[in-house]
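> Sequence and predicted model, in that order:
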Amino acid sequence: MRFSNFAATLASAVSIVAATPLALQARQEAARFGLVFVTPRDFVGGDDITIVYNASTAIHHPEFVDFYIQGTFTDTSNRTPFFLIQRNDFAADQQILTLNEHVPEALNNLGAGSWVLTAFVTFEQDGLTEVGGISA
């Protein structure tokens, strides 16, 4: 009985430690680039989506926020190119950007699925223009 409790406790501890690097990476990315959410999460060409970008967690304030989608080809499992959904200026006093967009129906002709939305954020740091991204 003691061994099964010990094994269960050990398994729980291992799963927490294993998940920690992913959670840490997500927090680091949110600190660098902000947060982005898309509704619905499982979208396809022809769908209407709502995108919410939140810059309140970002260390550097964005100058621009560009939204792209990328999918996976069903026959090869390779990633598609990125497709631009919307390019946006981001005001100095702005924290939240909410958009209602229509996903182009032509994406359905590519033989791809599992679409993911990424916000590419452009900001200045130490006199350099940097671009990084965070996915929904």
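Received it, and whenever you're ready, just let me know what you need. Numbering: from 1, shown residues only.
> Give the other helices and strands that the lengthiest strand in the chain contacts.
In the chain, assigned by DSSP state E, the strand with the most residues is strand 112-125. Counting contacts by 3 or more CB pairs under 8 Å, 6 or more residues apart in numbering; DSSP states H and E, strand 112-125 is packed against strand 35-39, strand 48-54, strand 64-73, strand 128-135. Using the backbone N, CA and C atoms, a C-beta is placed for each residue, glycine as well.
> Go through the ones you listed and name the closest to residue 101.
For residue 101, the closest of these is strand 48-54, at 5.5 Å, according to CB to CB.
> mind listing what's buried in the closest one?
Applying a neighbour-count criterion of 16 or more other CB atoms under 10 Å, one finds 49, 51, 53-54 buried in strand 48-54.
> Specify which member of the residues you listed is nearest to residue 91.
Nearest member of these to residue 91, counting by CB to CB, is residue 53, at 12.6 Å.
> Not including adjacent chain positions, what is the nearest residue to that closest one?
Counting by CB to CB, 6 or more residues apart in numbering, residue 53 lies nearest to residue 97, which is 4.4 Å off, once chain neighbours are set aside.
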